[in-house]
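Colleague: sequence first, then the predicted structure, then my questions.
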Amino acid sequence: MDVRHRLTALIAVGALALTGCGDTTADGTAPAAAATTTAAQPGTAASTDPAASTDPAAESYDFTVDTLDGSRFDGSSLAGRPAVLWFWAPWCSTCLGQAKRVNALAADYADDATVLGVAGLDGEPAMRDFVEMAELTGFAQLSDEQGVVWKKFGITAQSTFVVLDSAGAVAARGHVDVDELPATLDRLLVD
């Protein structure tokens, strides 16, 4: 096979490989997050406690990261009520445009659901500047510089929302209009 045929074959293989990449499926929705499993670390035993949860929804709560105000946030604090996780980046103009409505959503549902900002794709100084510029108040902003929470939920682009039901199951996810989130939360609060 000559060089031209090899190059053509490599380009075709590369194109096929890339069609599996991206942040939306064929119907335009975000792909479901990959299932996560936790293996025992070397030198430790896996849990044999029958009460230990094997529910994949409960794994949604399995993270601990710092907030932008310097405290620690434990994902298990989300259990028991619906939650909206807003994945944003400091340089995202769409995120900035959504900030006022997300602030209002957090205030409107403060007694019934948790709204949580998950900042990523940049460093803390830029994240703090964004919070100040967007006037985000009244709900926690996670500093996910390492992408721990982003990876857990399979987030590949900002601005993305993940809505969890009170048991931690993903009820909705994707690039949605903030104005549609109250209807989603209302359905979860009735169930």
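Modeller: Sure thing, it's come through.
Colleague: now Ala104: phi and psi?
Modeller: For Ala104, the backbone dihedrals (degrees, to the nearest 10) come out as phi -60, psi -40.
Colleague: now do it, the pLDDT please.
Modeller: Looking at Ala104, its pLDDT is 97.
Colleague: the one 3 residues further on too?
Modeller: Ala107 carries a pLDDT value of 97.
Colleague: number the residues from 12 up from this point.
Modeller: Sure thing, new numbering starts at 12, so read that last one as Ala118.
Colleague: these two touch, right, it and Gly149?
Modeller: Yes - Ala118 is in contact with Gly149 according to CB atoms under 8 Å; the separation is 5.7 Å. Quick note: C-beta positions are derived from backbone N, CA and C, even for glycine.
Colleague: leaving out chain neighbours, which residue sits closest to Phe74?
Modeller: Gly86 (4.2 Å; CB to CB, 6 or more residues apart in numbering).
Colleague: that neighbour: neighbouring residues, count only.
Modeller: Look at Gly86: counted by other CB atoms under 10 Å, it has 22 neighbours.
Colleague: in this protein, which spans are helices?
Modeller: 14-30, 104-119, 135-145, 159-163, 192-201 (DSSP state H).
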